[in-house]
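K.L.:
Okay, sequence plus prediction incoming.
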2 protein chains.
Amino acid sequence: MNGQRGQKMRETRDTKDTKDTKELYYEDLAVGQKFHSGTYEMTAEKIKAFAAEWDPQPFHLDEEKAKDSLFQGLAASGWHTAAATMRLMVDSELKLAGGSIGAGGEELRWPRPTRPGDVLKLEIEILEKRESRSRAELGIVKTRLTTTNQRGEVVQVSRPTLMVRRRGAAQ
Amino acid sequence: MNGQRGQKMRETRDTKDTKDTKELYYEDLAVGQKFHSGTYEMTAEKIKAFAAEWDPQPFHLDEEKAKDSLFQGLAASGWHTAAATMRLMVDSELKLAGGSIGAGGEELRWPRPTRPGDVLKLEIEILEKRESRSRAELGIVKTRLTTTNQRGEVVQVSRPTLMVRRRGAAQ
């Protein structure tokens, strides 16, 4: 890429980006901080397409059959809600240097199903942070991810532990 | 349903089903039971396609960029491993009457990433069971799902709680 094209791309980014897309390091995070996302709109078509590939059960695939299920109507697979939550996180205000990388977490719950027409959004809260004992270039950051629908009802809660680059680290 | 029709349906099912596709109720499950799955083969193409939609980060999308990441090579999104695990569960020996329905669980961990060429399989273990206090037609069953690769290395562990129909329940 030559300098001129690089300059043009940066200008384009500067125009559309807000300050919340600055890459953050471990040192930039504080317990209690919250970060927000855009939205993901669930539709019957998306619910069925995801389920056909990953969770092909009648209550995720067919409105009529779903009526007789525990869900009493078409509901998204919890893993669809989880995947949408990950996408909301990647596109959220929380831009971590090195990316959003976790080895899992202590909880993953769906207090209520996601339905067609739901509009999901995500709040990420920093719960705890500490330096890694084994890898000097990393910090360990515990978070709570709360995914809500358009009525503010919680559709997913998880507590992933993220591995976050320390500023000036070699990696 | 009259007795004769019930008998016929059972005969039809007996003809096409093998023993592991018999629908199981809460009463059929015992702590310590284990159920197994078929396999899911991960490929670079599947890793990139899933990531493009749900987890578009360089280490899930591009072999070259992945080399400089914490993963040191292309790795599947954990949510891809999770979705594949759900699919393995739906197609597994554990066929629950009413389907595999959970409200989440206490743990979801990826001890190591899933890589191109990995062949995943799942073991489901029944950890605990109790009758639902609020819904007479349901039992609450805690499980451990262990997803392994072709070397027997664990790539995902989760402990979902399932809601399982009781035999003869109205629902």
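P.N.:
Great, that's in hand.
K.L.:
Can you give me the end-to-end span of stretch A:107-121?
P.N.:
19 Å (CA to CA, to the nearest Å).
K.L.:
can it be found next to chain B?
P.N.:
Yes. Against chain B, stretch A:107-121 shows contacts by CB under 8 Å from any CB of the partner chain at A:107, A:108, A:109, A:110, A:111. From N, CA and C alone the C-beta is placed, and that goes for glycine too.
K.L.:
Beta-bridge partners for residue A:122, please?
P.N.:
residue A:147 (DSSP bridges).
K.L.:
give me the number of residues near residue A:42?
P.N.:
23 (other CB atoms under 10 Å in any protein chain shown).
K.L.:
per-residue pLDDT, it?
P.N.:
Residue A:42 carries a pLDDT value of 98.
K.L.:
how far away is it from residue A:138?
P.N.:
As defined by CB to CB, to the nearest Å, residue A:42 lies at a distance of 35 Å from residue A:138.
K.L.:
Can you select the buried ones from the residues of stretch A:107-121 next to chain B in ChimeraX?
P.N.:
Per 16 or more other CB atoms under 10 Å in any protein chain shown, the buried members of the residues of stretch A:107-121 next to chain B correspond to this ChimeraX selection:
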select /A:108,109,110
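K.L.:
and stretch A:103-118, how far out from the chain's middle?
P.N.:
In terms of CA atoms, centre = their mean, to the nearest Å, the centre of stretch A:103-118 is found 11 Å from the chain centre.
K.L.:
Average pLDDT for that stretch, rounded please.
P.N.:
95.
K.L.:
hmm, back to that, now, among the residues of stretch A:107-121 next to chain B, which is nearest to residue B:157?
P.N.:
residue A:108 (12.0 Å; CB to CB).
K.L.:
what comes up buried for stretch A:53-61?
P.N.:
Applying a neighbour-count criterion of 16+ other CB under 10 Å, the buried positions in stretch A:53-61 are A:54, A:55, A:56, A:57, A:58, A:59, A:60, A:61.
K.L.:
do stretch A:39-53 as well
P.N.:
A:40, A:42, A:46, A:47, A:48, A:50, A:51.
K.L.:
give me the subset of those residues touching chain B.
P.N.:
Among the buried residues of stretch A:39-53, chain B is touched by none when using CB under 8 Å from any CB.
K.L.:
hmm, who's touching the helix or strand that contains residue A:45?
P.N.:
Assigned by DSSP states H and E, residue A:45 falls within helix A:44-54. Outside of helix A:44-54, the residues within contact range by CB atoms under 8 Å, 6 or more residues apart in numbering or on different chains are A:57, A:60-63, A:74-77, A:79-80, A:83, A:114, A:116, B:83-84, B:86-87.
K.L.:
Excluding residues flanking it in the chain, which one is nearest residue A:42?
P.N.:
residue A:118 (4.5 Å; CB to CB, 6 or more residues apart in numbering or on different chains).
K.L.:
In contact with that neighbour, which residues?
P.N.:
A:41, A:42, A:76, A:149, A:150, A:155.
K.L.:
Just the ones of the residues you listed in helices?
P.N.:
Residues of those located in helices (DSSP state H): none.
K.L.:
In TSV, list these along with distance to residue A:100.
P.N.:
What follows is the contacts of residue A:118, written out as TSV (distance: CB to CB, whole Å):
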residue	distance to residue A:100
A:41	22
A:42	22
A:76	22
A:149	22
A:150	24
A:155	20
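K.L.:
Appreciated, that's everything.
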